[in-house]
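Asker: Sequence and predicted structure are below.
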Amino acid sequence: VLDIRKLYAQGDVFTYDPGFTSTAACDSAITFIDGDKGELLHRGYPIDQLAEQSHYLEVCYLLLYGELPNTAQMKDFEQRVTRHTMVHEQMHNFFRGFRRDSHPMATMVGVVGAMSAFYHDSTDINDPWQREVAAIRLIAKLPTIAAMAYKYSIGQPFVYPKNSHDYAANFLHMCFAVPCEDYVVNPVLAKAMDRIMMLHADHEQNASTSTVRLAGSSGANPFACIAAGIACLWGPAHGGANQACLEMLREIGSVDRIPEYIKKAKDKDDPFRLMGFGHRVYKNFDPRAKVMKESADEVLALLGVENNPTLQVAKELERIALEDDYFVSKKLYPNVDFYSGIILDAMGFPTSMFTPIFALSRTVGWIAQWKEMIGDPTQKIGRPRQLYTGETFRDYVDVRHR
Ligand code: ACO
């Protein structure tokens, strides 16, 4: 029998940490999480204060440059972003190559990757100015690309950005305006969208951010790195959880069926998990979930659907789970995705758009982390080791003797 431990004892010493539960792969000054306290700070500022008093583009500035902007800096940043909201006209042709029924995340992975071809003038990662241009282009164009993916999937014409709107209102405009009708963005919905964007802006070394850093560590251009991050985010254990969570709440359908789903989630022979519950780092309330819950109440009250059955199931499910020994002992609390789907659904987004909205909101976090890494002269190519469990040396056997 091959004794792996003995074999490795003879070679290099390294840690074996599947899922990187206790390995830091970088240092970073952008975001701090205290999972036990349920605390999330961006550049030192707590997320609840930012969600209450700031707005998405200001948080983008903070994440990218480390400080809150003064009025002139904010104005300049807004102008730089809005100057880049349109996408290259040839990109429309690229979209048209996709099947209409593609998942918008599939389209986004392809289109954002293709930005390296459309904007190859800002792919020189050794030029700090080009890194800056690439960052602004990504932040500015991701809402346009996500809205185009949506419009394409429902067979409607693309809507060009409206730069007189703020970032979140412009995204709603591009998704819901149609050329034959007037569309006025509801300010309460725009504020709720801005808040969703802020709450998703960065979350230190989660799977997609680590993917962006790993891809970037090889010197790949920023558009390729962000496309890699989008691909990683798509999974239901990560960004895809908001879609999976709403689908689960709808499947439960009514509060009397909740115990059946709680039982399934606790059954170790059943792969089912309560979507929107649990987090690798938070072993307490996800501070973003609290803000999201308040937002869900505001939006549903505005739309006159406070009695929305999905919200009722969500609230009751949260109440029951938080009193259940299994969830309490494993410290499984609602995460940011638990309530975001309910808000997006009430706004009129199909579930397939939930993860693209997460992706466009997280782009600033990905790009801030990428810039931090590229600007660090000590950074190395990411190259994890492995614990080999295969065969030991053996000689090749000719096919006639196998
Ligand atoms: N429902 C039921 N049981 C759960 C859940 C859940 N949602 N989450 C974790 N558990 C259980 C596991 O079965 C495991 O039990 P065991 O110790 O008896 O084996 C224990 O809790 C620990 O779970 P792990 O999977 O080891 O924890 P990990 O940190 O790897 O996973 C994750 C975190 C992926 C978020 C997990 O909690 C999960 O799958 N949640 C549902 C999906 C989800 O909501 N994802 C969104 C995450 S937030 C974000 O990406 C923005």
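Answerer: Here it is on my side, so go on.

Asker: residues touching the closest residue in space to Tyr61 that isn't next to it in sequence, list them.
Answerer: Closest residue in space to Tyr61, ignoring its immediate chain neighbours: Pro69 at 4.7 Å, by CB to CB, 6 or more residues apart in numbering. For the C-beta atoms, the positions are set from N, CA and C on the backbone; glycine is no exception. Residues in contact with Pro69 (CB atoms under 8 Å, 6 or more residues apart in numbering) are 58, 61-62, 77.

Asker: Count the residues that sit near His84.
Answerer: His84: 17 surrounding residues under other CB atoms under 10 Å.

Asker: Name the SS class of the residue nearest to Tyr61, please.
Answerer: Here Pro69 is recorded as coil under DSSP: H, G, I helix; E, B strand; the rest coil.

Asker: Tell me how far it lies from the ligand.
Answerer: Distance of Pro69 to the ligand, computed by CB to the nearest ligand atom, to the nearest Å: 27 Å.

Asker: what do you get for Ser153?
Answerer: Taking CB to the nearest ligand atom, one finds Ser153 at 23 Å from the ligand.

Asker: going forward can the numbers begin at 698, since that is how I track them
Answerer: Taking 698 as the first residue, the last one we looked at is Ser850.

Asker: my read: that residue touches Met805, true?
Answerer: No. Contact criterion CB atoms under 8 Å: Ser850 and Met805 do not qualify, at 11.1 Å.

Asker: Compare neighbour counts for those two and give me the winner.
Answerer: With neighbours defined as other CB under 10 Å, Ser850 and Met805 compare such that Met805 has more, 26 against 19.

Asker: would you say that one is within a strand?
Answerer: No. If the criterion is three-state DSSP, then Met805 is helix and not within a strand.

Asker: Strands of the chain, start to end?
Answerer: Taking DSSP state E, the strands of the chain run over residues 728-731, 736-739, 742-743.

Asker: List the buried residues of the second one.
Answerer: In this case it means strand 736-739. Across strand 736-739, burial judged by 16 or more other CB atoms under 10 Å covers 737-739.

Asker: Please apply the same query to the first one.
Answerer: Using 16+ other CB under 10 Å as the burial criterion, the residues of strand 728-731 that qualify are 728, 730.

Asker: just to revisit the earlier point, identify, from the buried residues of strand 736-739, the entry nearest to Ser914.
Answerer: Closest approach between those and Ser914, by CB to CB: His739, at 23.2 Å.

Asker: per-residue confidence at the closest residue in space to that closest one that isn't next to it in sequence?
Answerer: Excluding the flanking residues, the one nearest His739 by CB to CB, 6+ apart is Thr728, at 5.5 Å. We have a pLDDT of 98 for Thr728.

Asker: Wait, Thr728 touches Asp899, no?
Answerer: Yes. Contact between Thr728 and Asp899 holds when scored by CB under 8 Å: they sit 4.9 Å apart.

Asker: Which neighbours do those two have in common?
Answerer: Counting by CB under 8 Å, 6+ apart, the shared contacts of Thr728 and Asp899 are 739, 760, 1062.

Asker: The nearest residue to the second one once chain neighbours are set aside and the ligand, how far apart?
Answerer: Read it as Leu760. Excluding the flanking residues, the one nearest Leu760 by CB to CB, 6+ apart is Ala1065, at 4.3 Å. Distance of Ala1065 to the ligand, given as CB to the nearest ligand atom: 17 Å.

Asker: give the contact list for Ala1065.
Answerer: Contacts for Ala1065 were tallied using CB under 8 Å, 6+ apart; they are 727, 760-761, 832, 899.

Asker: Surely Met771 and Val756 touch.
Answerer: No. Contact criterion CB under 8 Å: Met771 and Val756 do not qualify, at 11.4 Å.

Asker: sorry, back to before: how about CSV for the buried residues of strand 736-739, with distance to Gly916 and pLDDT added?
Answerer: Listed next are the buried residues of strand 736-739 as CSV, based on distance: CB to CB, whole Å; pLDDT from 0 to 100:
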residue, distance to Gly916, pLDDT
Leu737, 31, 96
Leu738, 31, 98
His739, 27, 98
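
Asker: Turn those into a markdown table, including distance to the ligand.
Answerer: What follows is these, written out as a markdown table (distance: CB to the nearest ligand atom, whole Å):
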| residue | distance to the ligand |
| --- | --- |
| Leu737 | 12 |
| Leu738 | 17 |
| His739 | 15 |
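
Asker: Distance-wise, check whichever residue of the stretch 798-947 of the chain sits closest to the ligand relative to Asp983.
Answerer: Scanning the stretch 798-947 of the chain for the residue nearest the ligand gives Ala938, at 3.4 Å (criterion: CB to the nearest ligand atom). Relative to Asp983, Ala938 is positioned 12 Å away (CB to CB, to the nearest Å).

Asker: list residues touching both of these two?
Answerer: Each of Asn1032 lies in contact with both Ala938 and Asp983 under the rule CB under 8 Å, 6+ apart.

Asker: if we can go back for a sec, skipping adjacent residues, who's closest to the residue of the stretch 798-947 of the chain closest to the ligand in space?
Answerer: Using CB to CB, 6+ apart, the nearest residue to Ala938 is Asp1034, at 4.2 Å.

Asker: For the one you found, list the residues it contacts.
Answerer: 938-939, 942, 972-973.

Asker: between these, which has the most around it?
Answerer: Neighbour max across the contacts of Asp1034 (other CB under 10 Å) = Asn939, 30 neighbours.

Asker: And the furthest pair within the contacts of Pro766?
Answerer: Leu759 and Phe774 (10.5 Å).

Asker: Between the two, which has more neighbouring residues?
Answerer: Between Leu759 and Phe774, counted using other CB under 10 Å, the more crowded position is Leu759 (23 against 19).

Asker: pretty sure that one contacts Gln770?
Answerer: No. Using CB under 8 Å as the test, Leu759 is too far from Gln770 to be in contact (10.8 Å).

Asker: What is the neighbour count of the closest residue in space to His781 that isn't next to it in sequence?
Answerer: Among residues not flanking His781 along the chain, Ala837 sits closest, at 3.6 Å (CB to CB, 6+ apart). Neighbourhood size, Ala837 [other CB under 10 Å]: 22.

Asker: Having no further points to raise, I will conclude here.
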